[in-house]
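In: requesting a structural model of the entry that follows:
(one chain, ligands or ions: 1)
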Amino acid sequence: MGAAPDRASAAAKILAKPSDYKVCEGCGSIVLKKALLCPNCHAYRFDESTPLVKKQAEILGSREAASVTKDDYN
Ligand SMILES: [Zn+2]
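Out: You can find the predicted model right below:
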């Protein structure tokens, strides 16, 4: 446990308020709506649709679940 709690809590935070976020069209990262550039790839095109933000946040959360499964496998 505690491998990457940030990821899961970040996903939960985004899902609680998806309207505060948008998705980078360059790399798929979720960034705050007030951000002008993507901090990852410096793209400036974003998709602000709430369903997409939720979907991306769920993917973000499930990556953590995948790493837990891997630990279990060991
Ligand atoms: Zn990006």
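In: may I see the buried residues of stretch 11-22?
Out: Residues of stretch 11-22 classed as buried: Ala11, Ile14, Pro18, Tyr21, Lys22 (neighbour count, 16 or more other Cβ atoms under 10 Å). For glycine as for every other residue, the C-beta is placed from the backbone atoms N, C-alpha and C.
In: can you tell me the element Gly61 falls in?
Out: helix 50-73 (DSSP states H and E).
In: what residues does this protein put near the ion?
Out: Within the chain, the residues that sit near the ion (Cβ under 5 Å from the ion) are Cys24, Gly26, Cys27, Ser29, Cys38, Asn40, Cys41, Ala43.
In: and with 8 Å instead?
Out: Residues of the chain lying near the ion by Cβ under 8 Å from the ion: 24-29, 31, 38-43.
In: pick the one among the residues you listed closest to Ser62.
Out: For the residues of the chain next to the ion, the minimum distance to Ser62 (Cβ to Cβ) is 13.7 Å, reached by Gly28.
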